[in-house]
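Participant: Just need the structure, nothing else, for what follows:
(one chain, ligands or ions: 1)
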Amino acid sequence: MRVPESSTNSAPVRLRIPDLFSDDRRCIGTGETVSDLRLGRGKTAIVVGGGVAGMSAACALADAGLRVQLVERRGYLGGRASSYRHPGVDEIIDNCQHVLFGCCTNLIGFYTRIGVEKRIHWTRTMTMIEPGGRRSVLGPSWLPAPLHGLPSLLTAKAFTREDKKTLMRAFRALMRPVAPESAQTLGSWLRLNGQTEGAMERFWRLVIASALNGDVDEIALPYAAKVIRELFLNSAEAGAMGMSSVPLSELYSGAEQFLRERGGEVHFNAGVESARLDEETSGWTVATRAGELFADYLVLAVPFEVMARLLPQMPPAAGVEALAEQIERHEHGPICSVHLWFDREITELEHAVLLDREIHWMYNKSRLQPGRNAKGSYLELVVSASHKFAALSREEAIDLAVRELKEFFPAVAAAKLEKAALVKEVRATFTVPPGIDAARPGSVSPWPNCVLAGDWIATGWPSTMESAARSGHLAAEAVCAFLNALRTFLSPDLKPRGLMRWR
Ligand SMILES: Cc1cc2nc3c(=O)[nH]c(=O)nc-3n(C[C@H](O)[C@H](O)[C@H](O)COP(=O)(O)OP(=O)(O)OC[C@H]3O[C@@H](n4cnc5c(N)ncnc54)[C@H](O)[C@@H]3O)c2cc1C
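Facilitator: From the prediction side, this is the model:
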């Protein structure tokens, strides 16, 4: 493991900028100019956690000229959005299908920074299938936002006329922003707004609650309203759905290369156990399972439960207790995925929403990730927010998934199931009950020269890759602020279009 020069005992004394130098003067010993330092050149940072938050923070900091060491506990990048070789089926699988949307400007910004944005496959339609096979396709039309989705909703066979009326009424009400401090749950709001059982089951529970990975009665209304506005109202661009055309961890090889080309490093299998602050230099020493690392700045980009375990291993500081109390208020929601390999093609669809059954989403991985060259077809089925499904054994879950899949795609009955895998992620996401914002800290940490990142940080977004990428960009901005080198990494939101511009 390489120790950055500036952190060894023989390192030149670093003088405080900007008070002592003008921009073109050179720093004693290092030869760096003050403007180098202002831009972060010659400065070092350790980023703990190689998930989307850690990678986006690390790459933004490397972009600002810092030498970054990204430290990851596992042998690959991606965290909760990653791929690995599953020993049971000897295939590279994503731990779960991950989708993004056009409104995920920071995630797209991160992909663009590392040069992989073209590997995202975009689609604007969503096919809903009823048991028996009847299909309804939701998607945009030429009408201005928020009316662009109306024609497809009006012709969707999956909803009755009464369902459609109540859905349109709800959409209209949600065109106005909901106060972020509202203590109402989505469920109570839907009941007040007279939603039919069909609208509840086939839209609110299946599409919205599953996107937020919770029960309608546990989801804070402002988070649900945000999803509705971004995905269905603001513009067709914001609601376009993206999926990686390569396994997720392959997507991040761009991040590894990006960091190495800028003098950084990625340390795998190096779980961080503790961190120490040097009071004199205000630099950090981080103890990992693979050895010690040193840097000027520290970014902790780990999930909340890992942060809770790290807290006692960090230096005492005012604010640690308050952070611990915030973390305690967080809870996890599970997501399961069933991976099925058949000897033949089951459907021409790339993806679909499956109505009225335990399985919710179908992703045709053979089509979405054509590089796999799989014989027959590989489908992934995703079940969100279901503790009941997560409690099933592997055999029970796979049997149920195949049985239900037959109801949507008759080809399953004649096909041979070659192999199957079940992935249960019991700590998939954090839940967003009313009041959760008070438990989401900002990037500022209780310690000097140390910032926080992770999807659970205060980004205003639910537990998603976009929230993680935003938190990473905010963390990088906070480190640059320590350097008096103000940089903007946060990508602006997509502007609402059409009539939504005046909302
Ligand atoms: C099954 C599933 C489906 C999902 N579907 C979607 C979706 O469709 N769309 C979407 O946007 N989001 C989805 N999410 C949520 C999304 O994956 C997360 O919000 C996001 O990936 C979180 O990123 P993160 O970097 O904040 O945290 P993580 O991904 O958890 O990254 C933290 C990293 O820190 C590492 N780490 C932990 N402890 C240490 C340590 N001590 N030392 C060093 N490293 C450590 C971990 O190994 C990990 O790599 C899904 C999540 C799951 C699990």
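Participant: tell me which parts of the chain are close to the ligand?
Facilitator: For the chain, the residues in contact with the ligand (Cβ under 6 Å from any ligand atom) are 48-54, 71-74, 79-81, 95-96, 98-100, 271-272, 301-303, 306, 335, 425, 428-429, 454-455, 463-466, 468. The C-beta positions use only the backbone N, C-alpha and C, and glycine is treated the same way.
Participant: Mind checking which of the residues you listed are in helices?
Facilitator: Per DSSP state H, helices hold the following members of these: 52-54, 306, 465-466, 468.
Participant: Tell me which helix or strand in this structure has the weakest average pLDDT.
Facilitator: Using mean pLDDT, DSSP states H and E, the weakest-scoring helix or strand in the chain turns out to be helix 34-38, at a mean of 49.
Participant: Tell me the secondary structure at residue 84.
Facilitator: strand (DSSP: H, G, I helix; E, B strand; the rest coil).
Participant: How many residues are close by it?
Facilitator: By other Cβ atoms under 10 Å, 17 other residues sit near residue 84.
Participant: got the contact list for it?
Facilitator: Residues in contact with residue 84, defined by Cβ atoms under 8 Å, 6 or more residues apart in numbering, are 76, 92-93, 95, 249.
Participant: Which members of these are the farthest-apart pair?
Facilitator: Taking Cβ to Cβ, the two most distant members of the contacts of residue 84 are 76 and 93; they sit 12.5 Å apart.
Participant: Longest strand in the protein, by number of residues?
Facilitator: strand 417-430 (DSSP state E).
Participant: Can you work out which other helices and strands pack against it?
Facilitator: strand 91-94, strand 332-342, helix 394-408 (3 or more Cβ pairs under 8 Å, 6 or more residues apart in numbering; DSSP states H and E).
Participant: Overlap in contacts, residue 76 and residue 93.
Facilitator: Overlap of the contact sets of residue 76 and residue 93 (by Cβ under 8 Å, 6+ apart) consists of 83-84.
Participant: if we can go back for a sec, so which of the helices and strands packed on strand 417-430 is the most packed in?
Facilitator: Here the criterion is mean neighbour count by mean count of other Cβ atoms under 10 Å, and of the helices and strands packed on strand 417-430 the winner is strand 332-342, at a mean of 23.
Participant: Toward the C-terminus, what is the element adjacent to that one?
Facilitator: strand 351-354 (DSSP states H and E).
Participant: residue ranges with poor pLDDT in the protein?
Facilitator: 1-41 (pLDDT under 70).
Participant: And the closest residue to residue 326 other than its chain neighbours, its phi and psi?
Facilitator: Take residue 326 and drop its neighbours on the chain: the residue closest to it by Cβ to Cβ, 6 or more residues apart in numbering is residue 439, 4.5 Å away. Reported as degrees, to the nearest 10, the phi and psi values for residue 439 are phi -100, psi 10.
Participant: mind listing what residue 439 touches?
Facilitator: Neighbours of residue 439 in contact, by Cβ under 8 Å, 6+ apart: 326-327, 329-330.
Participant: okay if I get those as TSV plus secondary structure and neighbour count?
Facilitator: Supplementary listing: the contacts of residue 439 in TSV, determined by DSSP: H, G, I helix; E, B strand; the rest coil; neighbours: other Cβ atoms under 10 Å:
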residue	secondary structure	neighbour count
326	helix	19
327	helix	19
329	coil	14
330	coil	19
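Participant: Give me the distance between the residue nearest to residue 326 and the ligand.
Facilitator: As judged by Cβ to the nearest ligand atom, to the nearest Å, residue 439 and the ligand stand 15 Å apart.
Participant: Next, count neighbours for residue 384.
Facilitator: The burial count for residue 384: 23, using other Cβ under 10 Å.
Participant: Beta-bridge partners for it, please?
Facilitator: When bridges are called by DSSP bridges, residue 384 pairs up with residue 335.
Participant: Now the buried members of the residues of the chain next to the ligand.
Facilitator: Neighbour-count burial (16 or more other Cβ atoms under 10 Å) applied to these gives 48-54, 71-74, 79-81, 95-96, 98-100, 271-272, 301-303, 306, 335, 425, 428-429, 454-455, 463-466, 468.
Participant: just to revisit the earlier point, mind listing what's buried along the longest strand of the chain?
Facilitator: For strand 417-430, by 16+ other Cβ under 10 Å, it's 418, 420-425, 428-430.
Participant: would you turn these into TSV with distance to residue 212?
Facilitator: Below are these laid out as TSV (distance: Cβ to Cβ, whole Å):
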residue	distance to residue 212
418	34
420	28
421	26
422	23
423	20
424	19
425	15
428	12
429	8
430	10
